[in-house]
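>>> Provide a 3D model corresponding to the input given below.
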Amino acid sequence: MGHGHAHNPAEVTAESLQARKRANWLLAAVLVPLGVLTVVAMLLLWPSGSKEGLTLASPYQAAPGVTFDTGRIQSVLQESCSQANTGAEIPPAGQQGGQDGSNCTFAMTQPDAGGSPVKVVINPDVAKSHGVKAGDEIRYLNLSQVQAAGTGSPAYVFVDFVRTMPIALLAVLYAVVVIAVARWRGFRALLGLVGAYVVLVGFMLPGLVDGKPPLLVALVGSTAIMIGVLYFAHGFSARTSTALLGTIFGLGITALLAAWATSAANLAGVGNHDAATLVNMSDRISISGIILCGLIISGLGVLNDVTITQSSAVWELYELAPETTARKLFSSAMRIGRDHIASTVYTIAFAYAGAALPILIIVMLYDRPLLDTLTSAELSEEVVRTLVGSIGLVLAIPVTTLIAVLVVKATGPRRGSVPAGAGAAGSTAAEDADAGRVRELESSPTAVEGYASLDTGELAAVVETRRARRDAERRDAVSRRQGS
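This next block holds a predicted model:
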């Protein structure tokens, strides 16, 4: 007489928990030593902070008697450049000054510190490209205390616009939008961004100035940033640890390619005014090393984005179809990954193109052949940055997917699979439609492939519908047990 074999739910749960613990211990065995190694490397590479031997004349340092003042423009006028050192009387609107010599643009400015309006001469390039208008807040050089009377030289010279208010408003709006949409996770992401800035300014930049190995500085600093950002924003979980492993793999690939490309393409910052300034300032500073470090740092944000998204996609797909084999789960998740690859490659290319737009226009006007243009000193760094960053993030996607599949198959779904059923009572038409889509996908022999074909919004709706249905059925089961 045959006997049916029944599984004890408690035993199954215990096995699942044991498998989850083993997977978490395996992740910890890899990531904990890596974190310790990162901390030790940071301590060994920590910059001295000494600026001995560094000589750089700051454009924001003034001679004795010269000050940087701020004020609000009241009116703008065109006068002879010889009128630059005249009195501060505001002429009637439209009245022109003397006609001897070429004309200059002046801004009658009310100093924030108080006193009579002063006549600030505006730089020709600013007057021509952007211009100034009444109401603008500007910063100007006050030479009135050292300027000899009657010299004809300007006593007040435009330096820059004061942008504190618009930038502060944008920063506040950005924080409000992020927190309103992402809520607590968005707030933690913003704090993580502050932490990343601290690592960049406190460790990486001084390390490059100190002459530390740029490849090690970039790798150690970037790893520290990613560990902090991922865990702080997304919490400690197997899903986050999987994304971190994929991110570190992509970071390593990017670093190796950047090191090779910097040498092979002879990226030396030739023709860059800022690079020339750094070279002449100190022998400890390597422009090639700075470029190498920049190639690695520039791809961190997108790399983090693709790995955490891919890891989450694997978890959601497996939760929706826990009976799926590892091979099918990997192939289905990679369908999502390929779509992400296409969009992120465009993201990197267009981001760099937008940042280098003035250079692109200048190079276009040179009327050079396309190949010569792309490999020129002006554009080669941007081209290499795009290619290196793209290769790193593309290779990180299948590696992250593979790690996530192995981990999620070992741990099992966090919630038990529930047979398909009707939607909860009182559901809306939209919820009923989502529930119908869930039942349709679940009844398919290739359910996970159907889930993978959904876009991000549809997949999220299906996940929420299935979770809501599970919760409703769980409550019904509890009610039935209590009634009996």
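
>>> Would you mind measuring from S263 to M364?
Here S263 is placed at a distance of 29 Å from M364 (Cβ to Cβ, to the nearest Å). C-beta: built from backbone N, CA, C; applies to glycine.

>>> ditto for H130
With Cβ to Cβ as the criterion, H130 and M364 are 22 Å apart.

>>> Show the pLDDT at the residue nearest to the spatial centre of the chain.
When Cα atoms, centre = their mean is applied to the chain, the residue found nearest the centroid is G301 (4.0 Å). Model confidence at G301, given as pLDDT, is 81.

>>> Quick check: which element contains it?
For G301, the enclosing helix or strand under DSSP states H and E is helix 300-320.

>>> Quick check: buried residues in the helix or strand following that helix?
Per DSSP H and E, the first helix or strand lying C-terminal to helix 300-320 is helix 326-355. Under the neighbour-count criterion of 16 or more other Cβ atoms under 10 Å, helix 326-355 has 328-334, 336-337, 340-341, 344-345, 347-349, 351-352 buried.

>>> just checking, what packs against helix 326-355?
helix 300-320, helix 380-411, helix 447-452 (3 or more Cβ pairs under 8 Å, 6 or more residues apart in numbering; DSSP states H and E).

>>> got the buried residues for stretch 140-148?
Under the neighbour-count criterion of 16+ other Cβ under 10 Å, stretch 140-148 has Y140, L141, N142, L143, S144, Q147 buried.

>>> do you know how far N123 is from T373?
The gap separating N123 from T373 is 31 Å, by Cβ to Cβ.

>>> actually V121, sorry about that
Applying Cβ to Cβ to V121 and T373 gives a distance of 38 Å.

>>> again, but for L215
On the measure of Cβ to Cβ, L215 and T373 end up 29 Å apart.

>>> Same check on G192?
Separation of G192 from T373 (Cβ to Cβ): 39 Å.

>>> likewise V32?
Distance of V32 to T373, given as Cβ to Cβ: 48 Å.

>>> More neighbours: these two, which one.
T373 (17 against 10; other Cβ atoms under 10 Å).

>>> Give the burial count for the closest residue to the more buried one other than its chain neighbours, as a bare number.
In this structure, T373 finds its nearest non-sequential neighbour in V363, 5.3 Å apart by Cβ to Cβ, 6 or more residues apart in numbering. Neighbours of V363 under the rule other Cβ under 10 Å: 17.

>>> correct me, but V363 touches A377?
No - using Cβ atoms under 8 Å, V363 is not in contact with A377; the gap is 10.1 Å.

>>> List the neighbours of stretch 110-130 that are in contact with it.
Residues outside stretch 110-130 that contact it (Cβ atoms under 8 Å, 6 or more residues apart in numbering): 69-74, 76, 81, 83-84, 86, 88, 90, 104-109, 132, 138, 140, 142, 144, 154-158.

>>> Quick check: which of the helices and strands packed on helix 326-355 is nearest to F249?
Of all these, helix 380-411 sits nearest to F249, with 4.9 Å by Cβ to Cβ.

>>> Determine the set of other helices and strands touching that closest one.
Looks like helix 380-411 contacts helix 9-45, helix 238-264, helix 287-297, helix 300-320, helix 326-355 (3+ Cβ pairs under 8 Å, 6+ apart).

>>> what's the longest strand along the chain packed up against?
When the chain is parsed with DSSP state E, its longest strand is strand 67-80. Judged by 3+ Cβ pairs under 8 Å, 6+ apart, strand 67-80 is in contact with strand 103-111, strand 118-121, strand 137-142.

>>> Save those strands as CSV, and put in mean pLDDT and distance to L267 too.
As requested, these are exported to CSV (pLDDT from 0 to 100; distance: least, Cβ to Cβ, whole Å):
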stretch, mean pLDDT, distance to L267
strand 103-111, 86, 40
strand 118-121, 88, 40
strand 137-142, 88, 35
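
>>> coming back round to it: quickly, which of the helices and strands packed on helix 326-355 bottoms out on average pLDDT?
Among the helices and strands packed on helix 326-355, helix 447-452 carries the lowest mean pLDDT, at a mean of 52.

>>> Quick check: which ranges of the stretch 201-350 of the chain have low pLDDT?
The model of the stretch 201-350 of the chain has pLDDT under 70 over residues 269-273, 275-276, 279, 282.

>>> Recalculate using a threshold of 80.
265-286, 319-324, 340, 342-349 (pLDDT under 80).

>>> still on that earlier bit, which one of the helices and strands packed on strand 67-80 lies nearest to V314?
Of all the helices and strands packed on strand 67-80, strand 137-142 comes closest under Cβ to Cβ, at 51.1 Å.

>>> Give me the sheet partners of that closest one and which way each runs.
As defined by DSSP bridges, the strand partners of strand 137-142 come to strand 67-80 (antiparallel), strand 156-161 (antiparallel).

>>> What's the local residue count around R284?
The number of residues packed near R284 is 12, by other Cβ under 10 Å.

>>> which residues touch V157?
The neighbourhood of V157, defined by Cβ under 8 Å, 6+ apart, consists of V120, V121, N123, Y140, L141, L143.

>>> Just give me the closest of the residues you listed to E323.
Minimum distance to E323 across the contacts of V157 is 69.9 Å, recorded for N123 (Cβ to Cβ).

>>> What's the per-residue pLDDT of the closest one here?
Looking at N123, its pLDDT stands at 84.

>>> SS state for the residue nearest to T373?
Three-state call for V363 (DSSP: H, G, I helix; E, B strand; the rest coil): helix.

>>> Quickly note the distance from it to L43.
Going from V363 to L43 by Cβ to Cβ gives 44 Å.

>>> re the thing from before, out of the helices and strands packed on strand 67-80, deepest packed?
strand 118-121 (a mean of 23; mean count of other Cβ atoms under 10 Å).

>>> Cool, thanks, talk later.
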